[in-house]
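*Asks:* let's see this in three dimensions:
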Amino acid sequence: MARREFLTGNEAMAEAAIAAGLRVFIGYPITPASDLFEYLAEKLPSYGGVVFQAEDEIAAINALVGATYAGAKAMTATSGPGFSLMAESLGLAAMLEAPIVIVYNMRTGPSTGIATGTGQGDVMQSRWASHGHYGVVVYSPWSVQEAYNLVVKAFDTAWRLRVPTIVLSDAVIAHTRELAVVYEPGEVKVADRKPPREPPGEFKPFKPDPDDLVPPMAFYGEGYAVLAESLVHDERGYYTTDPENYERLVKRLEEKITRNKHHVVSSEARYTEDAETVIVAFGTLARSALALVKDLRKQGKKVGLWRPVSIWPLDEEGLSKAVEHADRVIVAEMNLGQLYREVARILGPTGRKIELVPVLTPELPGPDELLGYFRKAGVEI
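*Replies:* Sure thing, here's the model as predicted:
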């Protein structure tokens, strides 16, 4: 049965993973994700799961890939420096179509930055950390409850599409304590792998279904010949340098997300029905932005908020609808303009004025402080 608990974001995300069927957690301690690791170390074994501390983040993510191929729902949690170490094997997971889940709590950077500070500087890294072209899905919560919901959603997406899926949280959410509704395992709906339909002698581990472009998945130990090849491979899993095969594979890794985006994309619009100016913000900064929007509307200003929940891919249709009546869009984010570039790409051809408000601070600003950053950037409302 559903129950209400007063949890931190990290505790809520751990509870969500358990409810979604987590069986293997492998990580390496790093602020502000270590207490998620510790929480699962205490609770997951009682649900039949395994928690293991790897020697580093490189080992952790590679072990996760192996765990999914053995049939286990698997997850790790990290922050910027740890995710940087995972970058190469994020590409491996994408190439092998391994449905791993990564909770990524952003902190101030670059390098080791401020371990206890929050930030939003990893939007591009979450999408493009590894080399080559590949597909991943990234969600960004703005509350403890949504952090819980999106971890459940991440497991559903990862296993539905066989794609690495990231919950891009931050240090504020990780350690904010709020009431959240949580569930027991089996009480939330999470997709599972599509099992092979052919006998072992006819099965091709990377042959996609024509409708959704997602291949059925055979686990090790089920009697199927499963090749986990990191090099470019054909539908059998065999390495090949054939140009047509390469193009077909890389396009499919991206297109399977695009074709199934109705399962993936999500966003929220507030007060945009009559908005002449729309503020775009994500994660915890969107909470301050919403408070600022409410203050401005009390002053008679027609301002709205659009908040992406899926960062990659972005809900382009939702964004376009939110700015239908606006001639001005302001992107506020705690970096020098990473989400801004995507918004400008999408809306630039419409002729709307698109402005950036960079918020460079290791602490989440309140609405009055956020307005100060607007003025500092020369953006008046």
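*Asks:* so which residue is smack in the middle of this structure?
*Replies:* Central residue of the chain (C-alpha atoms, centre = their mean): residue 138, 2.4 Å from the mean position.
*Asks:* that one in helix, strand or coil?
*Replies:* strand (DSSP: H, G, I helix; E, B strand; the rest coil).
*Asks:* that one pairs with what?
*Replies:* Beta-bridge partners for residue 138, by DSSP bridges, are residue 166, residue 312.
*Asks:* show me where this protein has helices.
*Replies:* Assigned helices in the chain, in chain order: 9-19, 34-43, 57-69, 80-96, 123-128, 144-161, 171-175, 243-259, 285-298, 316-322, 338-347, 367-376 (criterion: DSSP state H).
*Asks:* what would those helices look like in TSV with mean neighbour count, distance to residue 269 and mean pLDDT?
*Replies:* Placement of C-beta: from N, CA and C, glycine included. TSV is the format used below for the helices of the chain (neighbours: other C-beta atoms under 10 Å; distance: least, C-beta to C-beta, whole Å; pLDDT from 0 to 100):
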stretch	mean neighbour count	distance to residue 269	mean pLDDT
helix 9-19	27	24	98
helix 34-43	19	30	98
helix 57-69	21	35	98
helix 80-96	22	30	98
helix 123-128	20	20	98
helix 144-161	25	15	98
helix 171-175	24	21	98
helix 243-259	15	22	98
helix 285-298	19	11	98
helix 316-322	17	4	98
helix 338-347	19	14	98
helix 367-376	15	19	98
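*Asks:* make a markdown table from these and add distance to residue 111 to it.
*Replies:* Output for these, formatted as a markdown table (distance: least, C-beta to C-beta, whole Å):
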| stretch | distance to residue 111 |
| --- | --- |
| helix 9-19 | 23 |
| helix 34-43 | 19 |
| helix 57-69 | 15 |
| helix 80-96 | 7 |
| helix 123-128 | 13 |
| helix 144-161 | 26 |
| helix 171-175 | 16 |
| helix 243-259 | 31 |
| helix 285-298 | 22 |
| helix 316-322 | 32 |
| helix 338-347 | 17 |
| helix 367-376 | 24 |
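*Asks:* rewinding a little: wait, doesn't the residue nearest to the centre of the chain sit right on residue 163?
*Replies:* No - assessed by C-beta atoms under 8 Å, residue 138 is found out of contact with residue 163, at 10.7 Å.
*Asks:* please enumerate the strands of the stretch 101-250 of the chain.
*Replies:* With strands called from DSSP state E, counting those that start in this stretch, the stretch 101-250 of the chain shows them at 101-106, 137-139, 165-170, 177-182.
*Asks:* so how far is residue 238 from the residue nearest to the centre of the chain?
*Replies:* Taking C-beta to C-beta, to the nearest Å as the measure, residue 138 falls 31 Å from residue 238.
*Asks:* could you do residue 341 as well?
*Replies:* Counting by C-beta to C-beta, the gap from residue 341 to residue 238 is 38 Å.
*Asks:* over to residue 74?
*Replies:* Counting by C-beta to C-beta - residue 74 and residue 238 are separated by 26 Å.
*Asks:* residue 223 too?
*Replies:* Look at residue 223 and residue 238: by C-beta to C-beta, they are 19 Å apart.
*Asks:* now do the contacts for residue 35.
*Replies:* 8, 10-11, 174-175 (C-beta atoms under 8 Å, 6 or more residues apart in numbering).
*Asks:* and residue 271, by the same measure?
*Replies:* If you count contacts by C-beta under 8 Å, 6+ apart, then residue 271 has 293-294, 297, 303-305 around it.
*Asks:* ok, back up a step: got the strands of the stretch 101-250 of the chain as a markdown table, with mean pLDDT and distance to residue 216 columns?
*Replies:* Formatted as a markdown table, the strands of the stretch 101-250 of the chain follow (pLDDT from 0 to 100; distance: least, C-beta to C-beta, whole Å):
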| stretch | mean pLDDT | distance to residue 216 |
| --- | --- | --- |
| strand 101-106 | 98 | 20 |
| strand 137-139 | 98 | 20 |
| strand 165-170 | 98 | 19 |
| strand 177-182 | 98 | 32 |
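*Asks:* go through the ones you listed and name the closest to residue 208.
*Replies:* strand 137-139 (17.1 Å; C-beta to C-beta).
*Asks:* which elements pack onto the closest one?
*Replies:* helix 144-161, strand 165-170, strand 310-312 (3 or more C-beta pairs under 8 Å, 6 or more residues apart in numbering; DSSP states H and E).
*Asks:* I'd like the ones you listed as JSON lines, with distance to residue 347 appended.
*Replies:* JSON lines is the format used below for the helices and strands packed on strand 137-139 (distance: least, C-beta to C-beta, whole Å):
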{"stretch": "helix 144-161", "distance to residue 347": "25"}
{"stretch": "strand 165-170", "distance to residue 347": "22"}
{"stretch": "strand 310-312", "distance to residue 347": "16"}
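*Asks:* of all these, which one is nearest residue 259?
*Replies:* Closest to residue 259 of these is helix 144-161 (C-beta to C-beta; 9.4 Å).
*Asks:* who does the closest one touch, helix- and strand-wise?
*Replies:* Using 3+ C-beta pairs under 8 Å, 6+ apart, helix 144-161 sits against strand 3-8, helix 9-19, strand 101-106, strand 137-139, strand 165-170, strand 177-182.
*Asks:* one step back: want to throw the strands of the stretch 101-250 of the chain into JSON lines with distance to residue 70?
*Replies:* As requested, the strands of the stretch 101-250 of the chain are arranged in JSON lines below (distance: least, C-beta to C-beta, whole Å):
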{"stretch": "strand 101-106", "distance to residue 70": "16"}
{"stretch": "strand 137-139", "distance to residue 70": "22"}
{"stretch": "strand 165-170", "distance to residue 70": "19"}
{"stretch": "strand 177-182", "distance to residue 70": "27"}
